[in-house]
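Enquirer: fold the following.
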Amino acid sequence: MIPTYIASINDNATVHFKLQSNYNKIIESLYSYNPYNFALNTSKVSVNKFSNTSEIDRIMSKIKNELGSINRNNEVERSNWGKCYISKAKFIGVPCIL
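Expert: Sure, this is the predicted structure:
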């Protein structure tokens with residue numbers, strides 16, 4: 001597995017990531033902490049409730065070798081996030097590693 005620049009899922013990193021077509025045993029891997037305001041943001045605009053699934057839909061295309069969300073004493077919401085994320089990935093055949 002080869003990560004994009006800083007294993008980022010942002011468009012600048014993924015669009016410019018190129019593998020030679022004859023490299024059929026190398027795969028792109030990404031870190032994913034999305035939606036950012038729920039999963040990783042520590043500023044005043046962070047949120048404790050998981051509700052934005054559209055950002056997860058947008059990034060589902062590559063192996064996720066790291067994903068997670070910050071503990072804000074919101075175990076139920078983090079569980080909902082995890083179930084949503086993993087089920088969407090599984091549905092389209094994207095492996096996830098927690």
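
Enquirer: how many neighbours does Met1 have?
Expert: 12 (other Cβ atoms under 10 Å). Glycine gets a C-beta too; all of them are placed from N, C-alpha and C.

Enquirer: correction: Glu77
Expert: 17.

Enquirer: name the single longest helix found in this structure.
Expert: Looking only at the chain and at elements set by DSSP state H, the helix with the highest residue count is helix 75-92.

Enquirer: where does this structure dip in pLDDT?
Expert: Low-confidence regions of the chain, defined by pLDDT under 70, span residues 4-11, 13-14, 58-65, 97-98.

Enquirer: any idea where the helices of it begin and end?
Expert: 11-15, 36-39, 54-59, 75-92.

Enquirer: hey, what's Leu67 bridged with?
Expert: Ser32 (DSSP bridges).

Enquirer: who's in contact with it?
Expert: Leu67 is in contact with Tyr31, Ser32, Tyr33, Ala39, Tyr85, Cys96, Leu98, counting by Cβ atoms under 8 Å, 6 or more residues apart in numbering.
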